[in-house]
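K.L.:
let me see the structure of the following:
(chains A and B)
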Protein chains: 2
Amino acid sequence: MKNKFYQYIQNLQDQICAGLEAVDGTTKFREDIWDRPEGGGGRTRVIESGPEGSGVFEKGGVNISAVHGKLPEAMQKMFGVGEADFFACGLSLVLHPKNPMVPTVHANWRYFEMYPLNDSGETPPSGAGGLSWFGGGQDLTPYYLFEEDAIHFHQTCKTACDKHNQDFYPKYKKQCDDYFWNAHRNEARGIGGLFFDYCKANEDMSMENWFSFVSEVGNSFLEAYVPIVEKRKNLDYTAAQRTWQEIRRGRYVEFNLVHDKGTLFGLKTNGRIESILMSLPPHVQWVYDHHPEKGSEEEKLIEVLENPREWLAP
Amino acid sequence: MKNKFYQYIQNLQDQICAGLEAVDGTTKFREDIWDRPEGGGGRTRVIESGPEGSGVFEKGGVNISAVHGKLPEAMQKMFGVGEADFFACGLSLVLHPKNPMVPTVHANWRYFEMYPLNDSGETPPSGAGGLSWFGGGQDLTPYYLFEEDAIHFHQTCKTACDKHNQDFYPKYKKQCDDYFWNAHRNEARGIGGLFFDYCKANEDMSMENWFSFVSEVGNSFLEAYVPIVEKRKNLDYTAAQRTWQEIRRGRYVEFNLVHDKGTLFGLKTNGRIESILMSLPPHVQWVYDHHPEKGSEEEKLIEVLENPREWLAP
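P.N.:
Predicted structure coming up:
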């Protein structure tokens, strides 16, 4: 499964980068291959048009990595286990478009294997005594709310889920709302999508079934996001709307640095910092005590973030 | 002591704001008085000239607060105690100048009382069974290194310390370097200053002595910072230098949101978010894998941040 899933995310990275370059129009991803001293490494791909560029994506990355070795202490605590070996691989992407009418998107699909060490200090063979699970999801962070975009994104998520289990969409939609909650602001980071974790073999789902589900979601990403980009990328916007986007990007930074487990885990376990913090937006503002005007489009967004909505009819 | 110290920081806030308005030249602080539902409140003062303004300070705040009530759970954990009542008051300031030749500065002076609850659930009277301590410090974060500025700042810190104990400056200088360490970047946030905490009554220092020391440092702030601002505020700078400043401000955000105990404590204990995050810079950039050119002024700064220096002859 390790090899199968890593093969899958390698191909998915190629597909997604090609799809995003096509919609961007002008900018290409550049690639950094890196090694992790403790074992493994990754392939980081970054697209940076900048705020004055003609491309759609001011900054973004589509990264894969496969790392292994001794489970770092911070992770032992997180999982409530003692010493163990581990293997983890995944694809992680964040895209920050220049135009405030185009939403930011984040997605991640990952696979984890953990091998608790025997008393003898030896690792049991993979599978026997090993633990493995999938996790991931995709979620949208608009700066201006187009309800039809939110519905399209969620419908694409639901269609992928429904092929596997009718309970998945409502369950993982709620988990997404719960996870991407900027608690100190009392608002969601965005308008949600899917979030799932610790997807382990059980009576209903073998690991093969989970692979099939996770890759279904991965394969739905371009369909979920690209039509929205196409629709909004040429809309006009004002300097004030751009300022609003930069202020909202500040909330994105706050979530990622204060609450996001993946980011904090990476920062505290000697991950490759530039690949982890690729997720941070290019230009950001913090304005003291900023509030949108009553009845404005900006306020409409905040209302939806404070009260996460069901986007699809039950 | 509660009243005495709160009186002191009220006056100090007035003095510091007046001093900063004088050096800014055009912008005045605006004031927000706020209440904490669980007990206490504060007086937040913010100065925002913006990036196009003629003032020196693009954004900054000089805040005081005095809060009390049940010790929040997060804080019980931090102190390793059970249920308790507490009182805390302090002044906290951060100033982000527009001109990249002028350093950002941070300072904080605080006083804390904790009253562990008896088994009966009753609070012992203040002083009897209560615990109290001072904490604080001041530190400088330049974007371009002027060694004479670093020396001036540290010399002012040392002069204040030496009046009380010859060991304080070296001890609190080192604690400052240790505390403001951006571990995930392997570099200091800035060029340091003083950091002290849990200053409790002991054989050498009564609480009165500590008050005298802490207020000595507080009183030295304007002398430590304002001459540097005066010297650098009218220097020319390029767009590239401004970009460098905004990128470095990103590191400031990273420290405050990932590592700073005060910020995280505030965010997790229902503090007044806008007063806590007043510390975040106004305009910030994240550029993927940015490195200064070899031999540049930018690289010289990084060298000092990676290897904290002794600024004063022993």
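K.L.:
any idea how far the nearest residue to A:Pro292 once chain neighbours are set aside is from chain B?
P.N.:
Residue nearest to A:Pro292 in three dimensions, not counting chain neighbours: A:Glu298, with 3.4 Å by C-beta to C-beta, 6 or more residues apart in numbering or on different chains. Every C-beta, even on glycine, is put in place using the N, C-alpha and C of the backbone. According to C-beta to the nearest C-beta, to the nearest Å, A:Glu298 and chain B sit 17 Å apart.
K.L.:
what is the neighbour count of the closest residue to chain B within the stretch 101-250 of chain A?
P.N.:
Per C-beta to the nearest C-beta, A:His184 is where the stretch 101-250 of chain A lies closest to chain B, at 4.2 Å. Applying other C-beta atoms under 10 Å in any protein chain shown, we find 22 residues neighbouring A:His184.
K.L.:
may I have the secondary structure class of the residue nearest to A:Gly50 when sequence neighbours are not counted?
P.N.:
Using C-beta to C-beta, 6+ apart and skipping residues adjacent in sequence, the residue nearest A:Gly50 is A:Glu58, 6.3 Å away. Taking DSSP: H, G, I helix; E, B strand; the rest coil as the rule, one finds A:Glu58 in the strand state.
K.L.:
now do the nearest residue to A:Lys2 once chain neighbours are set aside: how many residues are near it, please.
P.N.:
Nearest residue to A:Lys2 in three dimensions, chain neighbours excluded: A:Phe87, at 5.9 Å (C-beta to C-beta, 6+ apart). Close neighbours of A:Phe87, defined as other C-beta under 10 Å, add up to 21.
K.L.:
my read: A:Phe87 touches A:Trp133, true?
P.N.:
No: using C-beta atoms under 8 Å, A:Phe87 makes no contact with A:Trp133, being 11.7 Å away.
K.L.:
quickly list what's touching both of the two.
P.N.:
Common contact partners of A:Phe87 and A:Trp133 (C-beta atoms under 8 Å, 6 or more residues apart in numbering or on different chains): A:Phe112.
K.L.:
so who does the most centrally placed residue in chain A touch?
P.N.:
With distances taken as C-alpha atoms, centre = their mean, A:Ala107 lies nearest the centre of chain A, 2.8 Å away. Listed by C-beta under 8 Å, 6+ apart, the contact partners of A:Ala107 are A:91-93, A:136-139, A:218, A:221.
K.L.:
write out the residues of the stretch 151-300 of chain A neighbouring chain B.
P.N.:
Within the stretch 151-300 of chain A, the positions adjacent to chain B are A:184-185, A:246, A:250, A:253-254, A:257-258, A:264, A:267-268, A:273-274, A:277-278, A:280-289 by C-beta under 8 Å from any C-beta of the partner chain.
K.L.:
what subset of those is buried?
P.N.:
Buried members of those, scored by 16 or more other C-beta atoms under 10 Å in any protein chain shown, are A:184-185, A:246, A:250, A:253-254, A:257-258, A:264, A:267-268, A:274, A:277-278, A:280-288.
K.L.:
just those residues: which are in helices?
P.N.:
A:246, A:250, A:253-254, A:264, A:267-268, A:274 (DSSP state H).
K.L.:
roughly how far apart are A:Arg272 and B:Ala107?
P.N.:
Distance check for A:Arg272 against B:Ala107: by C-beta to C-beta, to the nearest Å, it reads 34 Å.
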